[in-house]
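Engineer: Structure for this input, please:
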Amino acid sequence: MTLHDLPDQFESFGDARKQGFIAVKDLKDQGKKVVGNFCTYTPVELFLAAGAVSVGLCAFSDETIPEAEKVLPGNMCPLIKASYGFAVTDKCPYMYFSDLIVGETTCDGKKKMYELLSDFKNVHVMQLPQTQKDEASRALWYSEVLRLKERVEEEFGVTIAEDDIKRAIRLKNEERELLKEFYELSRAVPPPMTGAEQLKVLYGSQFKFDIEEKNKELRETIDKLKAEAAVGAEKVPASSKRILITGCPLAGVTEKIVAAIEESGGVVVGYENCIGIKPNELLVDEEAEPYRAIADRYLQIGCSVMTPNDNRMALLSRLVKDFKVDGVVEMTLQACHTYAVETAAVRCLMQKGNVPFISVETDYSTSDAAQLKTRLGAFIEMIS
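Structural biologist: As a prediction, the model looks like this:
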């Protein structure tokens, strides 16, 4: 097994979203139900237990934003505008083939966009608490999980048996454990992969719909990387500055952040973002009552919509140490107010730990790519 075996494995995940367009159509042709979702707070175990396929709908391209801006404000978050644009133009096969779309009230912009989306799509909105600190919030989220279960059963004409939900929990926990084992390989110095390669797997794994086959492929990817490390293969210079990325969801056009870092002598060793570490750190308790366990697990995700957001701060502190981070880069999307405001708390946290920190704001255009490379290049040089 040699290093040149690895790119194909990474490309399998890198191409998963495009290949998934055909795969999801094939699944629909076979009579499978498809549930589209926007957020890591969505308890996908319910869809798996109902025999349905779950797929992420957030868009990371500016292709349809002009169409969205015919309805939505121009100064709105690009993720919201892109997601609505792909829905209203039917340019996203995942959106097109979704029998049910599940949203959550993570921000004011998204929940108002769901109202517009429901005019032409079948939408279910989960009412997310704004804090993780009290029993009332815990009770509300538990009731929302049960309400979603009932909606799924009604929509798809099924009854989710206890064995079905327990099996779904086991499979998703296995996937999370494999993804965690995968990204924690980059705790090594030097890491066994670039940040771009790591992101391909983390993002692409969302678009592999056979979870057992996906878990098998993740296992193979991990084993290949471990085998290469065992014989001393290195593809990242040991001198590369180790960067952790945090902030808004990162994929598609925003991969320009990763490129700017890695073309400037850095290497991204971890992504705290929604598409990276944050949604995979916590497991569902397999011994507890299933729906209570699902609700409790999802509610503890450390997103900036939570107040206070202690869980994000605790996770960031641990990741900085575990991944031997030289610097932290926060990426915020324009008009994402919760992450923009929370930048002050993250900066303060990093200052207390003497960890170099920079926050950059961007959107889904490529017009700022050169400026980002200049700023992030200077940041890498500063910590060298």
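Engineer: any chance you could map the strands in the protein?
Structural biologist: With DSSP state E as the definition, the chain shows strands at residue ranges 34-37, 53-56, 100-104, 123-126, 241-247, 266-271, 327-333, 357-362.
Engineer: ok, and the closest non-adjacent residue to residue 48?
Structural biologist: Take residue 48 and drop its neighbours on the chain: the residue closest to it by C-beta to C-beta, 6 or more residues apart in numbering is residue 168, 4.0 Å away. For glycine as for every other residue, the C-beta is placed from the backbone atoms N, C-alpha and C.
Engineer: count of neighbours near that neighbour?
Structural biologist: The criterion is other C-beta atoms under 10 Å. On that basis, residue 168 has 24 neighbouring residues.
Engineer: swap in residue 108?
Structural biologist: Around residue 108 there are 11 other residues, counting by other C-beta under 10 Å.
Engineer: which residues in the stretch 251-384 of the chain form helices?
Structural biologist: Secondary structure of the stretch 251-384 of the chain (DSSP state H, counting those that start in this stretch): helices at 256-262, 290-299, 310-322, 337-352, 369-383.
Engineer: And for the stretch 101-250 of the chain?
Structural biologist: With DSSP H, counting those that start in this stretch as the criterion, the stretch 101-250 of the chain has helices spanning 108-117, 135-156, 162-183, 195-204, 211-230.
Engineer: List the buried residues for the last one?
Structural biologist: Neighbour-count burial for helix 211-230 flags 211, 214, 215, 217, 218, 221, 222, 224, 225, 228 (criterion: 16 or more other C-beta atoms under 10 Å).
Engineer: now swap in the second one and tell me
Structural biologist: For helix 135-156, a neighbour-count test (16+ other C-beta under 10 Å) marks 137-138, 140-142, 144-145, 148-149, 151-152, 155-156 as buried.
Engineer: Switch those residues over to JSON lines; also include distance to residue 332 and pLDDT.
Structural biologist: Conversion of those to JSON lines gives the following (distance: C-beta to C-beta, whole Å; pLDDT from 0 to 100):
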{"residue": "137", "distance to residue 332": "25", "pLDDT": "98"}
{"residue": "138", "distance to residue 332": "29", "pLDDT": "98"}
{"residue": "140", "distance to residue 332": "28", "pLDDT": "98"}
{"residue": "141", "distance to residue 332": "26", "pLDDT": "98"}
{"residue": "142", "distance to residue 332": "31", "pLDDT": "98"}
{"residue": "144", "distance to residue 332": "27", "pLDDT": "98"}
{"residue": "145", "distance to residue 332": "29", "pLDDT": "98"}
{"residue": "148", "distance to residue 332": "29", "pLDDT": "98"}
{"residue": "149", "distance to residue 332": "34", "pLDDT": "98"}
{"residue": "151", "distance to residue 332": "33", "pLDDT": "98"}
{"residue": "152", "distance to residue 332": "33", "pLDDT": "98"}
{"residue": "155", "distance to residue 332": "35", "pLDDT": "98"}
{"residue": "156", "distance to residue 332": "37", "pLDDT": "98"}
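Engineer: contacting residues for residue 229?
Structural biologist: Residues touching residue 229, when contacts are defined by C-beta atoms under 8 Å, 6 or more residues apart in numbering, comprise 185, 188, 192.
Engineer: Try it again at 7 Å.
Structural biologist: Residues touching residue 229, when contacts are defined by C-beta atoms under 7 Å, 6 or more residues apart in numbering, comprise 188, 192.
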